[in-house]
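*Asks:* Next come a sequence and a model predicted from it.
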Amino acid sequence: MVRAREGSKIWDLDGNEYVDCVINMSALIPGHGDERVIRAVNEQLETGLTCGVETELNVNVAERIREKVPCGGL
């Protein structure tokens with residue numbers, strides 16, 4: 001069981017330190033607790049949660065994906 005995480009390190013309940021080589025199957029490339037990620041998530045949480053109604057952010061992300069993966073957009 002993990003007690004704490006920071007960057008590439010994790011600590012168990014006994015205080016033993018490990019390097020997290022799994023990094024959540026590559027979903028945590030910036031590491032645990034990256035301030036840029038935390039700030040970006042908090043900024044989005046402040047805009048509220050939406051379901052079924054697209055936001056400007058959704059459109060921007062879709063456009064960027066379409067630019068990077070031309071065969072992915074119709």
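*Replies:* Great, that's in hand. Numbers count the residues shown, from 1 in each chain.
*Asks:* hey, where'd the strands end up in this protein?
*Replies:* Ranges of strands in the chain, per DSSP state E, are 2-6, 9-12, 17-19.
*Asks:* what's the most buried one of those?
*Replies:* Sort the strands of the chain by mean neighbour count, taking mean count of other Cβ atoms under 10 Å, and strand 9-12 sits at the top with a mean of 14. Yep, even glycine has a C-beta here, placed from its N, CA and C like the rest.
*Asks:* average pLDDT across it?
*Replies:* Per-residue pLDDT over strand 9-12 has a mean of 86.
*Asks:* Show me the one of the strands of the chain that comes nearest V69.
*Replies:* The closest of those to V69 is strand 2-6. By Cβ to Cβ, the value is 31.2 Å.
*Asks:* Hmm, T55 is touching T47, no?
*Replies:* Yes: if you go by Cβ atoms under 8 Å, T55 and T47 touch, sitting 7.2 Å apart.
*Asks:* Out of the strands of the chain, the one nearest E63 is which?
*Replies:* E63 lies closest, by Cβ to Cβ, to one member of these: strand 2-6, at 33.1 Å.
*Asks:* Can you get me a residue count around the nearest residue to V37 once chain neighbours are set aside?
*Replies:* In space, and not counting its chain neighbours, V37 is closest to P30: 5.6 Å by Cβ to Cβ, 6 or more residues apart in numbering. The tally of other residues near P30 (other Cβ atoms under 10 Å) stands at 12.
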